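Enquirer: I need the structure of the sequence given here:
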Amino acid sequence: MKNKEVIPVFFAVDDGYIPFLGVTLESLIENTSANNKYEVKILYTNVSKENKERIKKYEKENINIEFVDLNKQLKEIEGKLYTRNYFSNTSYYRLFIPELYPQYKKAVYIDSDTICLTDIADLYNINMEYNLIAAVPDGAIQAIKEFQDYVEIVVGVANYNNYFNAGIMVMNLEELRKYKFQEKFIYMLGKIRFEVAQDQDYLNRLCKGRVKLLDYSWNRMPVMGKQDGDINIIHYNLGAKPWYFDNVLYQEHFWKYAKKTNFYNEIKEIGAQYTEADKEKDDANSSKLIELAKIETECVGDDRINRR
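Expert: Numbering: from 1, shown residues only. I've put the predicted structure just below:
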């Protein structure tokens with residue numbers, strides 16, 4: 001009998017995002033194949049025993065779920081980590097995956113504000129060639145001039161169209177280890193502080209030139225508006241949270257899976273507690289982020305020869 005292909009899938013969460021992880025897992029598992037074995041690794045530093053047990057109930061014959069405590073790794077660099085607004089330290093967890101799991105040659109990382117509409121193995125099996133990362137260009141960057149300049153001048157990605165969104169990616173762990181990615185990341189933490197997209201900026205800076213850009217079907221963002229083409233994974237990033245707003249593009253997919261979970265009522269309550277004041281605060285933070293990108297760019301200066 002042929003051995004099942006192992007598909008490693010990583011998440012990074014804290015207690016606050018457990019309900020949404022449950023919805024993502026519901027969609028992921030519904031679209032899996034019995035021909036594969038899925039090893040789900042959930043990176044955390046603060047998740048209660050009760051919430052771990054709630055998520056572990058998703059395990060099946062070909063679905064293994066393991067919680068991985070990263071307190072030790074984060075303690076070594078916590079003084080160097082910068083977070084702001086809706087970001088938290090959890091976004092940095094994925095940067096430790098290559099060294100934590102030397103038995104894996106590659107893996108999928110996916111945020112917990114996503115819905116999978118196809119088998120995640122199809123993403124995993126994309127040919128990486130010698131690239132370090134396979135991911136989708138970040139549409140939010142492409143839509144705003146201040147972000148475009150920030151990416152090219154501050155982060156150092158020569159063409160902003162090549163800057164990727166790190167919420168969904170295939171990681172070539174074997175090549176990342178050869179590249180000494182974790183060592184370089186920790187070194188950079190002590191030298192450069194990226195404040196706009198934080199860990200995503202570090203990933204783009206360190207991996208530039210060795211990124212396989214995927215089509216948008218693998219990271220459909222409602223914030224980018226309706227687009228033609230297939231939808232494999234929906235990513236409700238930035239302010240496009242269907243549990244807060246009732247006019248989010250592709251929200252029907254989120255609620256379809258949310259209703260199948262034991263987290264549905266909890267998610268509805270989270271949404272009910274979101275006030276107009278919260279919305280105004282989030283809108284203000286978005287505006288501040290654009291201004292921050294502009295200031296950071298002006299502080300570096302622009303030596304590009306050919307201005308757009």
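
Enquirer: low pLDDT regions in the stretch 201-308 of the chain?
Expert: In the predicted model, the stretch 201-308 of the chain carries pLDDT under 70 at residues 302-308.

Enquirer: now the strands: where do they sit in it?
Expert: Along the stretch 201-308 of the chain, counting by DSSP state E, counting those that start in this stretch, strands occupy 211-213, 233-235.

Enquirer: which of those strands sits closest to Tyr44?
Expert: Nearest to Tyr44, of all the strands of the stretch 201-308 of the chain, is strand 233-235, at 20.5 Å by Cβ to Cβ. Just so you know, the C-beta spots here come from the backbone N, C-alpha and C atoms, and that holds for glycine as well.

Enquirer: by contact count, what packs against that closest one?
Expert: strand 114-116, strand 164-171 (3 or more Cβ pairs under 8 Å, 6 or more residues apart in numbering; DSSP states H and E).

Enquirer: which residues make contact with the last one from outside it?
Expert: Contacts of strand 164-171 from elsewhere in the structure, counted by Cβ atoms under 8 Å, 6 or more residues apart in numbering, are 94, 97-98, 106-111, 113-114, 123-124, 126, 128, 132-140, 199-200, 203-204, 211-213, 218-219, 221, 233, 235, 237.

Enquirer: quick revisit: can you list the helices and strands packed on strand 233-235 in a markdown table and add distance to Leu21, mean pLDDT and mean neighbour count?
Expert: Putting those into a markdown table (distance: least, Cβ to Cβ, whole Å; pLDDT from 0 to 100; neighbours: other Cβ atoms under 10 Å) gives the following:
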| stretch | distance to Leu21 | mean pLDDT | mean neighbour count |
| --- | --- | --- | --- |
| strand 114-116 | 10 | 98 | 25 |
| strand 164-171 | 13 | 97 | 26 |
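
Enquirer: for Glu5, find the nearest of the ones you listed.
Expert: Glu5 sits nearest to strand 164-171 of all the helices and strands packed on strand 233-235, at 14.4 Å, using Cβ to Cβ.

Enquirer: after the closest one, heading C-terminal, what element do we hit next?
Expert: helix 173-178 (DSSP states H and E).

Enquirer: buried set for that following helix?
Expert: Neighbour counts over helix 173-178 (16 or more other Cβ atoms under 10 Å) mark 173, 175-177 as buried.

Enquirer: what distance do you get for the residue lying closest to Ser217 once chain neighbours are set aside to Tyr44?
Expert: Nearest in space to Ser217, with sequence neighbours left out and distances taken as Cβ to Cβ, 6 or more residues apart in numbering, is Asp230 at 4.2 Å. Separation of Asp230 from Tyr44 (Cβ to Cβ, to the nearest Å): 32 Å.

Enquirer: of these two, give the one with the bigger neighbour count.
Expert: Ranked by neighbour count (other Cβ atoms under 10 Å), Asp230 and Tyr44 place Tyr44 first, with 22 against 11.

Enquirer: other SSEs contacting the longest helix out of those in the chain?
Expert: With DSSP state H setting the assignment, residue counts place helix 276-300 as the longest helix in the chain. Using 3+ Cβ pairs under 8 Å, 6+ apart, the elements in contact with helix 276-300 are helix 145-150.

Enquirer: contact partners of the helix it packs on?
Expert: Residues from elsewhere that reach helix 145-150 (Cβ under 8 Å, 6+ apart): 140-142, 160, 196, 290-291, 293-294, 296-297, 302.

Enquirer: low-scoring stretches of the stretch 51-200 of the chain, by residue?
Expert: 76-89, 91.

Enquirer: quick check: angle from the helix or strand where Phe11 lies to strand 164-171?
Expert: Using DSSP H and E, Phe11 sits within strand 5-12. In terms of direction (axes from the mean of the first three to the mean of the last three Cα atoms, to 10 degrees), strand 5-12 departs from strand 164-171 by 140 degrees.

Enquirer: contacting residues around the residue lying closest to Thr90 once chain neighbours are set aside?
Expert: In this structure, Thr90 finds its nearest non-sequential neighbour in Ala12, 4.6 Å apart by Cβ to Cβ, 6+ apart. By Cβ under 8 Å, 6+ apart, the residues touching Ala12 are 42-44, 90-91, 93-94, 109, 112.

Enquirer: before we move on, what about Asn161?
Expert: Neighbour list for Asn161: 137, 142 [criterion: Cβ under 8 Å, 6+ apart].

Enquirer: can you map out the helices along the stretch 1-150 of the chain?
Expert: Applying DSSP state H, counting those that start in this stretch to the stretch 1-150 of the chain gives helices spanning 18-30, 49-56, 71-77, 97-100, 120-124, 139-143, 145-150.
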